[in-house]
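S.K.: below is the structure, and that's it, no one-letter string:
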């Protein structure tokens, strides 16, 4: 391209072009000049960027127990990016708890879940939320939702001692919600589907759902197979899926995808990992973890060495694929991938 033609383009057209670049290319091109470097703070650029359809989710994976180091997988480019994490308070460990609309919520445990922060991993902006009314000693679930028009967000926290609170950024306050249905719970991320935040109960008797608009909980009696070891809930095109393992003698033998048929309130298997791939992935009886957002699920061996494969499953096409090795140096990968969360990468997400 003739450089004189490019330099003659009006600034608003340049911003529209740059807003449509893959995010990794945008970050690379910021080094071209000061003007491009300051685009993330430009109102007109962010307005142009807001009109661009969302890209595929990214997967923020942590490689140390302090949750200060890690790498981010970009499925669009099939590449790992080493994006520095936001500089949170250095004397605390913050765990990934929920994500929505380009934002990630992290929680800190100190004799109870007393501190939560919300950040944009791309812009490094973060906000510490005010203290909860009654911090729970143990978490059941954390969910998050972002209003696409106003950019306001809500964070839902449910935990022990009948603590069920929701934070609204528009008021910068927590308020109590109605009581969670009785039962036993273990920690799970909530996922948003058709206006409800869904979470898993400890028993095999189904889910609980929080109605964002009405502010009420409900219980969904949809039992899972007793031989199914649940791992993660995922929403795809308005439908609920779960990813987990089929157990035999308390060991995972197959990894399956189940879909919730809402009309019959039953889980139906819709796909499973090919046998040869599954045997290779689960060699030596390893246990696995996964994190998902939209129609993508990243599956990995927790704490697996660098040579252990990492897989990506696409719900809409039912394709399994191997990921390239994370290119972090060995000393930063000595413990493998320990935990992670998937999020929608958005430059215009504000805290």
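M.R.: Received it, and whenever you're ready, just let me know what you need. Computed from a prediction, not measured in an experiment: that's the story for all the values here.

S.K.: leaving out sequence neighbours, find the closest residue to residue 92.
M.R.: residue 108 (4.6 Å; Cβ to Cβ, 6 or more residues apart in numbering). For every residue, glycine as well, the C-beta is placed using N, CA and C.

S.K.: kindly report the same for residue 211.
M.R.: residue 196 (5.8 Å).

S.K.: check contacts around that neighbour.
M.R.: 209, 210, 211, 212 (Cβ atoms under 8 Å, 6 or more residues apart in numbering).

S.K.: one more: residue 129?
M.R.: Neighbours of residue 129 in contact, by Cβ under 8 Å, 6+ apart: 115, 116, 117, 118, 155, 167, 174.

S.K.: what's the helix or strand for the first one?
M.R.: Under the criterion DSSP states H and E, the helix or strand holding residue 115 is strand 113-119.

S.K.: need the next SSE after that strand, C-terminal direction.
M.R.: Next along the chain after strand 113-119, with elements defined by DSSP H and E, is strand 126-128.

S.K.: helices or strands up against the following helix or strand past that next one?
M.R.: Counting by DSSP H and E, the next helix or strand C-terminal to strand 126-128 is strand 139-146. With contacts taken as 3 or more Cβ pairs under 8 Å, 6 or more residues apart in numbering; DSSP states H and E, strand 139-146 sits against strand 94-100, strand 103-109, strand 153-159, strand 188-189, strand 191-193, strand 196-200.

S.K.: what helices or strands is the first one leaning on?
M.R.: Looking back up the chat, that one is strand 94-100. By 3+ Cβ pairs under 8 Å, 6+ apart, strand 94-100 packs against strand 103-109, strand 113-119, strand 139-146, strand 339-343.

S.K.: can you list the residues that contact the shortest one?
M.R.: Residues outside strand 339-343 that contact it (Cβ under 8 Å, 6+ apart) are 57-62, 67, 70, 95-96, 98-100, 102-104, 121, 189, 289, 291-293, 296, 298, 300, 302.

S.K.: okay, angle between that strand and strand 139-146 too, please.
M.R.: If you take axes from the mean of the first three to the mean of the last three Cα atoms, to 10 degrees, strand 339-343 sits at 30 degrees to strand 139-146.

S.K.: strand 339-343 pairs with which strands, parallel or anti?
M.R.: Take DSSP bridges as the rule and strand 339-343 pairs in its sheet with strand 58-62 (antiparallel).

S.K.: between the contacts of residue 129, which is closest to residue 87?
M.R.: Nearest to residue 87 among those: residue 117, at 11.1 Å, using Cβ to Cβ.

S.K.: is the closest one bridged to anything, and to what?
M.R.: The partner residues for residue 117, given DSSP bridges, come to residue 106, residue 128.

S.K.: same thing with residue 220?
M.R.: The partner residues for residue 220, given DSSP bridges, come to residue 207.

S.K.: again, but for residue 247
M.R.: residue 252.

S.K.: any idea how far the nearest residue to residue 148 once chain neighbours are set aside lies from residue 133?
M.R.: The shortest distance from residue 148 to any residue other than its chain neighbours is 7.0 Å, reached at residue 101 (Cβ to Cβ, 6+ apart). Counting by Cβ to Cβ, to the nearest Å, the separation of residue 101 from residue 133 is 25 Å.

S.K.: could you do residue 109 as well?
M.R.: 18 Å.

S.K.: those two: who's more crowded?
M.R.: Higher neighbour count among residue 109 and residue 133: residue 109, with 16 against 11, using other Cβ atoms under 10 Å.

S.K.: report the contact partners of that one.
M.R.: Counted by Cβ under 8 Å, 6+ apart, residue 109 has contacts 93, 95.

S.K.: tell me where the stretch 101-250 of the chain is predicted with low confidence.
M.R.: 111-112, 161-162, 182-187, 202-205, 230 (pLDDT under 70).

S.K.: okay, now residue 116: neighbour count?
M.R.: For residue 116, using other Cβ under 10 Å, the count is 24.

S.K.: coming back round to it: what angle sits between the strand holding residue 115 and strand 103-109?
M.R.: 160 degrees.

S.K.: buried residues in strand 113-119, which are they?
M.R.: 113, 115, 116, 117, 118, 119 (16 or more other Cβ atoms under 10 Å).
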